[in-house]
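>>> After the sequence you'll find the predicted model.
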Amino acid sequence: QLSFATEVARQIGYDFERGRIDKTHHPFMTKFSLGDIRITTRVQEDYLGENLFSVIHEAGHAMYELGIRMDLEGTPLANGTSAGVHESQSRTWENLVGRSFGFWEYFYPRLQQTFPEQLGKVSLETFYKAINKVERSLIRTDADEVTYNLHVMLRFDLELALLDGRLAVRDLPEAWHARYQSDLGIRAPDDRDGVLQDVHWYGGWIGGAFQGYTIGNILGAQFYQSALQAHPEIPAEIAKGQFDTLRGWLIENIYKHGRKYSTAELVERVTGGPIRIDPYISYLKNKYGALYQL
């Protein structure tokens, strides 16, 4: 699994001369400098997706940082614009690219060669449906694109209740279980897969981290729409394992600027208007409408 995911990361553009992949419990990207940007992943022996899509997600974060102009090193500008813009890149590479049919037209034969016993007789169409299956899940990072934002919404609500005093920390675990039961119809067997599954609150990231993921989903679709308008050939190139055009457009329009522009300024420069949810809604409707014949 790790060998295949590493090759995918290399091919989409993660620079192993300036980074590496290691295993951990909760995947993350960490930056020591613009010349040393590392990613981590976790591996389940019986579930390919957790490792593979974590690697693509974190590689998206890393490629953003690796694309920042080197002359910005050592300045406050040598970072991503915001959490939302950063997540737009990780979620774009993970989902809009990494869960697309074209992506797997190229990579699936290679995956079948890696796991011939498990996937040798599984068609591309079946595999594509499996990696895009919509279902309830306990873990945010494993959630499908359609239900993912429900995980963000309940975290936002609980965090707001903590900050304004309506919820005590000691009551957070049970409040978590109650929201998962009401929103998703499932309950975690323990707090490790419940309130402790994310590192954000316990690492001091309180007051805005989680909604960055949903903002990232929205921005990612909007940026990708602009990329396709500039380069309609991108989907066909992805199906051939060619990612230079997309990555080059992202570097030129987003990555290289670092934190030079605010989120609103960057969105205006890249897309010609303010943040809009329409491209994201259209993306979900078109993709999952076709998958589920809705």
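Sure thing, it's come through. Just so we're clear, the structure is a prediction, and the values are computed from it rather than from any experiment.
>>> Check what pLDDT residue 228 gets.
pLDDT for residue 228: 99.
>>> surely it meets residue 234?
Yes: the criterion here is Cβ atoms under 8 Å, and residue 228 meets it with residue 234 at 5.8 Å. Using the backbone N, CA and C atoms, a C-beta is placed for each residue, glycine as well.
>>> Compare these two (neighbour count), which wins?
Legend: neighbour count by other Cβ atoms under 10 Å for residue 228 and residue 234, higher for residue 234 (19 against 16).
>>> doesn't residue 226 make contact with the more buried one?
No: counting by Cβ under 8 Å, residue 226 is not a contact partner of residue 234; they are 11.1 Å apart.
>>> what's the helix or strand for the closest residue to residue 169 other than its chain neighbours?
Spatial nearest neighbour of residue 169, excluding adjacent residues (Cβ to Cβ, 6 or more residues apart in numbering): residue 162 at 6.8 Å. Following DSSP states H and E, the helix or strand that holds residue 162 is helix 148-163.
>>> Same check on residue 288?
Residue 288 belongs to helix 278-291, assigned by DSSP H and E.
>>> could you pull out the helices for this protein?
2-12, 48-66, 83-91, 101-114, 116-119, 124-131, 148-163, 172-184, 211-230, 234-238, 244-253, 263-271, 278-291 (DSSP state H).
>>> among those, which is nearest residue 140?
Each of the helices of the chain was scored for nearness to residue 140 using Cβ to Cβ, and the closest is helix 148-163 (4.0 Å).
>>> For the closest one, which outside residues touch it?
Residues from elsewhere that reach helix 148-163 (Cβ atoms under 8 Å, 6 or more residues apart in numbering): 140, 143, 167, 169, 172, 175-176, 179-180, 183-184, 198, 201, 206-207, 210-211, 213-214, 217.
>>> Kindly report the same for stretch 54-67.
5-6, 8-9, 12-15, 18-19, 21, 27-29, 31, 34, 37-42, 79-80, 86, 89-94, 97-98, 141, 247, 250-251, 254-256.
>>> a markdown table for the helices of the chain, including distance to residue 72?
Listed next are the helices of the chain as a markdown table, based on distance: least, Cβ to Cβ, whole Å:
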| stretch | distance to residue 72 |
| --- | --- |
| helix 2-12 | 23 |
| helix 48-66 | 11 |
| helix 83-91 | 16 |
| helix 101-114 | 31 |
| helix 116-119 | 43 |
| helix 124-131 | 36 |
| helix 148-163 | 30 |
| helix 172-184 | 39 |
| helix 211-230 | 21 |
| helix 234-238 | 27 |
| helix 244-253 | 13 |
| helix 263-271 | 15 |
| helix 278-291 | 29 |
